[in-house]
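> what follows is a predicted protein model with its sequence.
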Amino acid sequence: MEDLKVLQKTEHLHEARWWDTAPDGRAHCYLCPRHCHIGDGQAGFCFIRVNQGGRLYSLGYGAPAALQIDPIEKKPLNHFLPGTRIFSMGTAGCNMGCFFCQNWDISKSRSDQVNSTPLSPEDVVLLAIHYGCPSIAFTYNEPTIWGEYVIDICKVAKQYGVNTVMVTNGYITREAFHDIYDHVDAANVDLKAFTEEFYGRVTLTHLQPVLDTLLWLKNETNVWFEITNLVIPTLNDGVAESRSLAEWILKNLGPDVPLHFTAFHPDFKLRDKPRTPPETLHAARAVAREVGLHYVYEGNIFSDGASTLCPGCEGMLIRRSWHSVEENLLDDGKCPRCGCAIAGRWSNPHSAMPVSALARARSLAERRFGAVNF
Ligand code: SF4
């Protein structure tokens with residue numbers, strides 16, 4: 001466990017949920033399947049859940065280390081309000097140990113090692129409204145580990161008609177799953193590979209808890225979710241593995257869950273691997289479509305594989321270039337040629353909220369952060 005002499009100075013202490021006291025007196029955190037047992041003055045594997053005087057605290061609460069406005073396609077979500085902006089935020093730390101992490105500057109940092117901005121849940125939502133974003137993404141590092149903050153932001157967001165999105169590795173326990181996901185509107189789950197060997201050796205976690213999360217999302221929630229598989233040369237880029245992954249999705253989640261195969265670039269501890277060749281993504285996409293998945297994408301490269309095709313007539317529906325929507329031909333969520341209904345959330349699920357609530361949200365955002373220009 002991480003020694004906390006420095007962390008103890010932090011001001012960002014918020015009592016944590018999802019913990020109890022183990023028989024040996026240490027704090028047992030059961031938010032994720034690591035089940036860390038944390039001694040007084042120490043932090044869990046994720047760096048941002050700390051034991052002080054026998055109680056567990058979340059250092060991530062109210063302390064985002066990264067704030068940015070992204071296209072929603074960058075999360076990636078291709079079937080949730082396409083072409084809209086999403087207010088994106090992350091904190092420090094992570095509960096996985098991926099050697100290829102592409103946000104390692106914050107995910108492998110402790111809270112006191114990053115510049116963070118104090119921001120209450122209400123201020124997060126008002127900032128999103130101020131910048132004309134209909135959605136907020138919890139992203140960049142793993143949001144599960146700051147679940148207390150996520151839940152409080154989601155509650156305020158719901159009042160003001162703003163959507164919330166988890167961009168997650170899916171490493172969460174049954175005990176915490178509904179506490180968080182009952183509040184969010186959408187998710188993108190990284191399914192980093194389809195072998196326990198890869199998960200154990202390259203992410204320092206396990207595959208089955210991630211598959212369990214996908215099953216719970218499908219069977220127990222109304223959350224719209226998509227799946228991302230980062231394809232890393234020599235580690236998880238075999239066509240047989242892509243086929244097995246696609247077959248599992250088809251059998252357990254159905255054909256309409258979008259799957260994104262994305263390109264790796266050398267980063268963090270995996271600098272000896274080359275970038276993913278486009279041909280590898282083309283092959284993975286082809287095999288997943290052959291298996292029967294309706295919406296399979298290629299990401300982090302310029303490719304026709306970023307666009308949405310109709311599973312009924314194969315016609316182009318949403319033309320994308322990288323993260324930009326160039327053309328959207330959907331007609332009320334349907335293909336304009338064959339009428340096939342396309343799975344997704346094509347209009348804001350909160351747009352039916354009373355006009356008075358929307359006006360109040362805009363007025364609060366203006367008072368707090370200045371004119372709302374959207
Ligand atoms: S959330 Fe953090 S402290 Fe809790 S079990 Fe997971 S890694 Fe450990």
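Structure received.
> the ligand contacts on the stretch 51-200 of the chain?
N95, I145 (CB under 6 Å from any ligand atom). Every residue, glycine included, has its C-beta placed from N, CA and C.
> now do the strands in the stretch 51-200 of the chain.
Counting by DSSP state E, counting those that start in this stretch, the stretch 51-200 of the chain has strands at residues 55-58, 66-71, 85-90, 135-138, 163-168, 186-190.
> give the burial count for E15, as a bare number.
Per other CB atoms under 10 Å, the neighbour tally for E15 reads 11.
> I figured it hits R55, correct?
Yes. Using CB atoms under 8 Å, E15 is in contact with R55, at 6.7 Å.
> now the residue of the chain found nearest the ligand. Nearest residue, chain neighbours left out?
Nearest residue of the chain to the ligand: G44, at 2.2 Å (CB to the nearest ligand atom). Nearest residue to G44, sequence neighbours excluded (CB to CB, 6 or more residues apart in numbering): C36, at 3.7 Å.
> for that neighbour, phi and psi?
Phi and psi for C36, reported as degrees, to the nearest 10, are phi -60, psi 140.
> same thing with D212?
D212 adopts backbone torsions of phi -60, psi -40, taken as degrees, to the nearest 10.
> and if you look at the one 4 residues further on?
Note on W216: backbone dihedrals following degrees, to the nearest 10 are phi -60, psi -40.
> flag the shaky bits of the protein, pLDDT-wise.
Confidence mapping of the chain against pLDDT under 70 gives the ranges 1-12, 108-114, 349-357, 373-374.
> try 90
1-13, 60, 63, 92, 99-118, 265-274, 347-374 (pLDDT under 90).
> mind giving me the domain split of it?
What automatic domain parsing lists as the domains of the chain is 2-58, 66-328.
> export those domains to a markdown table and tack on distance to S347?
Below are those laid out as a markdown table (distance: least, CB to CB, whole Å):
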| stretch | distance to S347 |
| --- | --- |
| domain 2-58 | 33 |
| domain 66-328 | 8 |
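> got the CA positions of stretch 294-308 in CSV?
Extracted in CSV, the C-alpha atoms of stretch 294-308 (Å, rounded to 0.1, in the frame of the first residue of the first chain):
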residue,chain,number,x,y,z
HIS,A,294,-24.5,-4.7,-36.3
TYR,A,295,-22.3,-1.8,-35.4
VAL,A,296,-18.5,-2.2,-35.5
TYR,A,297,-16.2,0.7,-35.7
GLU,A,298,-12.5,1.5,-36.2
GLY,A,299,-11.1,4.4,-34.0
ASN,A,300,-7.9,6.4,-33.7
ILE,A,301,-7.3,6.2,-37.5
PHE,A,302,-8.9,7.9,-40.5
SER,A,303,-11.2,5.2,-41.9
ASP,A,304,-14.6,4.6,-43.4
GLY,A,305,-15.0,2.2,-40.4
ALA,A,306,-15.8,5.2,-38.3
SER,A,307,-19.2,5.6,-40.0
THR,A,308,-22.5,4.1,-39.0
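> list the buried residues in that stretch.
294-301, 303, 305-308 (16 or more other CB atoms under 10 Å).
> can you count the residues close to M96?
Neighbour tally, M96, other CB under 10 Å: 24.
> how about it, phi and psi?
phi -110, psi 170.
> over to A361?
According to degrees, to the nearest 10, A361 has phi -60, psi -40.
> please give the element, helix or strand, for G25.
Assigned by DSSP states H and E, G25 falls within no helix or strand.
> ok, it touching G54?
Yes. Using CB under 8 Å, G25 is in contact with G54, at 7.1 Å.
> overlap in contacts of those two?
Taking CB atoms under 8 Å, 6 or more residues apart in numbering as the contact definition, G25 and G54 share no neighbouring residue.
> nearest residue to W216 other than its sequence neighbours?
F177 (5.5 Å).
> that neighbour: neighbour count?
Applying other CB under 10 Å, I find that F177 has 19 neighbouring residues.
> ditto for the one 4 residues further on
Counted with other CB under 10 Å, the burial measure for Y181 works out to 24 neighbours.
> got the contact list for it?
With the criterion set at CB under 8 Å, 6+ apart, Y181 makes contact with M166, A187, W216, L217, T221, V223.
> can you do 10 Å?
147, 150, 154, 166, 168, 172, 187, 213, 216-217, 220-223, 225 (CB atoms under 10 Å, 6 or more residues apart in numbering).
> now swap in E142 and tell me
32, 46, 48, 60, 90-91, 93-96, 103, 107, 166-172, 190.
> same check, this time on T173
T173 touches 18, 29-35, 144, 179, 209, 212-213, counting by CB under 10 Å, 6+ apart.
> and if we set it to 8 Å?
T173 makes contacts with W18, Y30, L31, C32, P33, H35, P209, as judged by CB under 8 Å, 6+ apart.
> show me those that map onto helices.
P209 (DSSP state H).
> restrict the contacts of T173 to contacts with the ligand.
Near the ligand, by the rule CB under 6 Å from any ligand atom, you find L31, C32, H35 out of these.
> can you get me a residue count around R337?
For R337, using other CB under 10 Å, the count is 15.
> please read the previous query as pertaining to I180.
23.
> rewinding a little: which among the contacts of Y181 count as buried?
Taking 16+ other CB under 10 Å as the criterion, what is buried in the contacts of Y181 is G147, V150, C154, M166, T168, I172, A187, T213, W216, L217, V223, F225.
> gap between the fourth one and G292?
It stands for M166. 27 Å (CB to CB, to the nearest Å).
> likewise for the last one?
To G292, F225 is 18 Å away according to CB to CB.
> nearest the middle, which residue of the protein would you pick?
Per CA atoms, centre = their mean, the C-alpha nearest to the average position across the chain is that of V167, at 0.4 Å.
> for that residue, give me its contacts.
Counted by CB under 8 Å, 6+ apart, V167 has contacts K75, A137, F138, T139, Y140, P143, A187, N188.
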